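> pasting the sequence and the predicted model now:
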Amino acid sequence: MQSADWSAAISAAEAWRHNGGRDWRITLNQAVCASRIRHGPEYTWLQLVQEALQQSGHAPIALLAASEVHCATGQWEEALALVAELEQRRQAQLPWEAIRLRCEALGRLGQTSRALEELLQWPPGQRDWRWQMAKADAHVQANQWREAEHLYTSVLAERPHQPEAHLNLALALLSQQRCAEAWPHYEWRRSNPRLNQWGIPQPLPSLASLIGQDVVVVGEQGIGDQVMACRYLRHLACACRSLHVEPAPRLAPLLQRSLPNTVTVVSPGASPQDTLVIGMASLPMLFWQELGLAAPGAGGYLQTDRQRVEHWRQQLVGLPHGLRLGIGWLGGSTGAERRERSLSPADLQLLGDWPDVQWLDLQYLPAGMELLATVSTQAGMHRLGHPGSDIDDTMALIQSLDGVLTTRQTVAHLAGALAKPGQVLVPARPEWRYWGVNNRWAWHPSLTLIQQEERGTWEPALRQASHHWRFQTWTTST
């Protein structure tokens, strides 16, 4: 588990197991490496650690590694139980990694005071930069951004090339709306195509220096992030000689229609060689001084296919009377993210009981998760086709609706890019993309924000949303 080449370790372990090899240490190593680089479905990691635990008789190293994998999948209660078992089996002080995992789990369960108390019990002489990072994480979970900022800054004074500290400092600054200070640190994200071989970001060119240059913009993050950042592409096209954009394939038709004819939208890796490459998530930094948020006008900054919009409007005519509202209910690409950013079947049932509202399920379900479609249909919601598989089609459906209600995820950005009215359910620990003024989302002003009051429950937020849409229903009917 000390090797940086986790992919090679996974491949070797998979080949070894395929040939009949069985050793709980190798199985354990495979599970941990897979969880660190998000290789394969999460349930396979859990199966591997369970096998390693059984074969090892719950050896201390197996308990420690299993708690890491459970944290990675959002099973924080199970991670705490594993650390507690490790503590019972050891006579000496718990190793630092066990303390860190315990504090991480406590923080994400909202028990930040306990996490901080645990950290303060660690011997002062052993409080290195890793301890500072763990303490900063606990402060982040409590929305204590300034305290976290000071700790990340302290780490960088000692280790100026620590990428996680740079990125986390960026997130802490962005959460305080100190964007100009944050963007240079955000360049340290792992997906940035401008990182050199040592993981250090190359300086972003100035706008003035782009005149006469050929530029390639790579969509290096998720769909929502790319939609959020592509508001700057039209301005970039005016600043350089030629612009090629390599978005996620599902976004290509939408961007090709929405951008000027001078912009070429191509498949990943198909742009000309010897061009200046910029990550799409670097565009806010490039344009911040000149444009800031570049808030869209009344019509948004992406254009839907009119024929598809009309098709969906005709499809919706046959639904019962009421508002047509879109719902996005499953956020995040990991178990930990989904736990924080998703609605439960009970929550969807509450929504399904709203009078005079017809819900259209907009939730994208990737391969392996298609069975979750029944969660919304059992709540009486309509799921037409395969939402999200064709972003162009999903945008047309959103355009044909009266509004949306969504958790923190891609649907929120799609609706915002169309300037569609609606609401975004923001977790108790907000995230920098979702700050605003007077509950109006700064990045997408057509949408309002409803923040969760307590982790683990969305009921008060859903009641607040209900009051808004019931008023809309009343005004529509009168």
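Looks like it arrived, so ask away. Residues are numbered from 1 along each chain as shown.
> grab the nearest non-local neighbour of Ser389.
Tyr364 (6.9 Å; C-beta to C-beta, 6 or more residues apart in numbering). C-betas here are computed from N, CA, C, even on glycine.
> separation between that neighbour and Val411?
Distance, Tyr364 to Val411, using C-beta to C-beta, to the nearest Å: 8 Å.
> again, but for Asp361
In terms of C-beta to C-beta, Asp361 sits 10 Å off from Val411.
> who touches both of those two?
Contact criterion C-beta atoms under 8 Å, 6 or more residues apart in numbering; residues bridging Asp361 and Val411 by contacting each: Gly326.
> of those two, who's got more company?
Neighbour count, other C-beta atoms under 10 Å: between Asp361 and Val411, Val411 has more, with 29 against 22.
> excluding its backbone neighbours, what's nearest that one?
In space, Val411 is closest to Gly328, 3.0 Å off (C-beta to C-beta, 6+ apart).
> I figured that neighbour hits Val404, correct?
Yes - when contacts are counted by C-beta atoms under 8 Å, Gly328 is listed as touching Val404 (6.9 Å).
> now the strands for the stretch 301-450 of the chain?
323-328, 357-361, 403-407, 422-426, 436-437, 440-441, 447-451 (DSSP state E, counting those that start in this stretch).
> for those, give me a markdown table that also has distance to Trp188.
Putting the strands of the stretch 301-450 of the chain into a markdown table (distance: least, C-beta to C-beta, whole Å) gives the following:
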| stretch | distance to Trp188 |
| --- | --- |
| strand 323-328 | 30 |
| strand 357-361 | 37 |
| strand 403-407 | 28 |
| strand 422-426 | 25 |
| strand 436-437 | 26 |
| strand 440-441 | 26 |
| strand 447-451 | 28 |
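> what about those, which gets the closest to Ala66?
Proximity to Ala66 (C-beta to C-beta) singles out strand 403-407 among these, at 29.0 Å.
> and the closest one, what does it pack against?
Applying 3 or more C-beta pairs under 8 Å, 6 or more residues apart in numbering; DSSP states H and E, one finds that strand 403-407 contacts strand 323-328, helix 410-417, strand 422-426, helix 459-477.
> and those: which comes nearest Ser11?
helix 410-417 (31.0 Å).
> mind jotting down where the strands sit in the stretch 151-300 of the chain?
In the stretch 151-300 of the chain, the strands defined using DSSP E, counting those that start in this stretch lie at 214-218, 242-246, 263-265, 276-279.
> check contacts around the residue nearest the centre of the chain.
In the chain, the centroid-proximal residue (C-alpha atoms, centre = their mean) is Gly332; its distance is 5.1 Å. Counting by C-beta under 8 Å, 6+ apart, Gly332 touches 338, 340-342, 409.
> burial check on the closest residue to Val155 other than its chain neighbours, number of neighbours?
Leaving aside its chain neighbours, Val155 sits nearest to Ala165 (4.3 Å; criterion: C-beta to C-beta, 6+ apart). The local packing of Ala165 (other C-beta under 10 Å) involves 25 other residues.
> pretty sure Ala165 contacts Met133?
Yes - here Ala165 reaches Met133: they are 6.7 Å apart, a contact under C-beta under 8 Å.
> which neighbours do these two share?
When contacts are counted by C-beta under 8 Å, 6+ apart, Ala165 and Met133 are jointly contacted by 152, 155.
> on that earlier part again, for the residue nearest to Val411, grab the count of nearby residues.
A count of nearby residues for Gly328, using other C-beta under 10 Å, gives 30.
> Ala92 now?
Other residues within reach of Ala92, judged by other C-beta under 10 Å, total 5.
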